[in-house]
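1. Next comes the sequence, and after it the predicted model I'd like to discuss.
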Amino acid sequence: MHRPSQQCAYLLPVLVLLATCKAIVAADGPAGGELLYNGIRLPKEWPPRLRISREPMPVPYLDKRPAVVPIDVGRQLFVDDFLVEKTTLQRTWHLAEPYSGNPVLRPDRPWETATQRATAYIYSDGVWYDPADRLFKLWYWGGYAFSTCYATSKDGIQWEKPSLDVVEPGTNVVLLHRHDSEIVCVTTSTARSRTSRRRVRALCRKVRPIRGPTRCRTAT
């Protein structure tokens, strides 16, 4: 049995937490949920629940546009008129043209062709531009569900598969395992991340018989 003094010690942090939460809700106001840095206020229910419908998804910040939308908080993408007060310009949409040299990545290494299907493509990995190295960096399936490989490019068209010593010397394999899905990201937001050798992170899920998410880390 706890003594009264011990019970008060346990109760005090709970009361402080409740008061803090109440203050946060009050600051957000009764009109909705969180107020974002760009003046948009999210609905109380966010993210919205998945609703199967043929109708376009309602966009809260278009229905209730902020009176003032700050545009000095970062880069802005003018894909619609949300940030445009008035203009005399006419928006024109252009269709993308497929590159005549496709595919730009081909299975041309022994470890990419030794599986049941010759494979060299992005399954669920990632392509990122690394401003620190001024290179596009690509992680892809090398061999069908066999390994994760790494390639670099200066223009996104001509890709080079470097000879690494990460998993197997002389290959561009960075993870050797059968996996169902994988997400790769590159951290570049801080000075520490720009100089760290562990700027690349991968989160992957292995296939059976191993179940559940498995965290895998690699560095380039």
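-> Sure, I can see it. Numbers count the residues shown, from 1 in each chain.
2. For R134, give me the pLDDT.
-> Looking at R134, its pLDDT is 91.
3. Roughly how far does it sit from P43?
-> 41 Å (Cβ to Cβ, to the nearest Å). Bear in mind the C-beta positions are built from the backbone N, C-alpha and C, glycine included.
4. now swap in D80 and tell me
-> Per Cβ to Cβ, D80 is found 20 Å from P43.
5. Just want to know which of those two has more residues nearby.
-> Set side by side, D80 and P43 show more neighbours around P43, with 16 against 10, by other Cβ atoms under 10 Å.
6. what's near enough to touch the more buried one?
-> Shown in contact with P43 (Cβ atoms under 8 Å, 6 or more residues apart in numbering): 32-33, 60.
7. what does T171 give?
-> Shown in contact with T171 (Cβ under 8 Å, 6+ apart): 109, 111, 149, 163-164.
8. Enumerate the positions of stretch 92-108 that are buried.
-> Of the residues in stretch 92-108, those buried by neighbour count under the rule 16 or more other Cβ atoms under 10 Å are 105, 107.
9. Which of the contacts of T171 fall within strands?
-> Per DSSP state E, strands hold the following members of the contacts of T171: C149.
10. Mind putting the contacts of T171 into TSV with neighbour count and distance to P103?
-> Output for the contacts of T171, formatted as TSV (neighbours: other Cβ atoms under 10 Å; distance: Cβ to Cβ, whole Å):
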residue	neighbour count	distance to P103
R109	17	15
W111	19	18
C149	29	15
S163	9	22
L164	16	22
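11. quick one: which of the contacts of T171 is nearest to P56?
-> P56 has its nearest neighbour among these in C149, at 39.4 Å by Cβ to Cβ.
12. My understanding was that T115 contacts F146; is that so?
-> Yes: T115 lies in contact with F146 (Cβ atoms under 8 Å); the separation is 4.9 Å.
13. More neighbours: these two, which one.
-> Just comparing T115 and F146: by other Cβ under 10 Å the higher neighbour count belongs to F146, 20 against 16.
14. show me the contacts for the more buried one.
-> F146 makes contact with 111, 114-115, 119, 176, 178 under the criterion Cβ under 8 Å, 6+ apart.
15. shaky segments in this structure?
-> By pLDDT under 70, the weakly predicted segments of the chain are 1-31, 178-183, 185-199, 201-220.
16. the strands in it, which residues?
-> In the chain, the strands defined using DSSP E lie at 120-130, 135-142, 147-153, 159-160, 173-176, 179-186, 200-206, 213-217.
17. related to what we said a few turns ago, just the ones of the contacts of F146 in helices?
-> W111 (DSSP state H).
18. what about D72, distance to R41?
-> Distance, D72 to R41, using Cβ to Cβ: 19 Å.
19. Looking at the two, which is more packed in?
-> With neighbours defined as other Cβ under 10 Å, D72 and R41 compare such that R41 has more, 18 against 5.
20. mind listing what the residue nearest to that one when sequence neighbours are not counted touches?
-> Spatially, and ignoring its direct neighbours in sequence, R41 is nearest to G32 (4.5 Å; Cβ to Cβ, 6 or more residues apart in numbering). Neighbouring residues of G32 by Cβ under 8 Å, 6+ apart: 41-44, 60.
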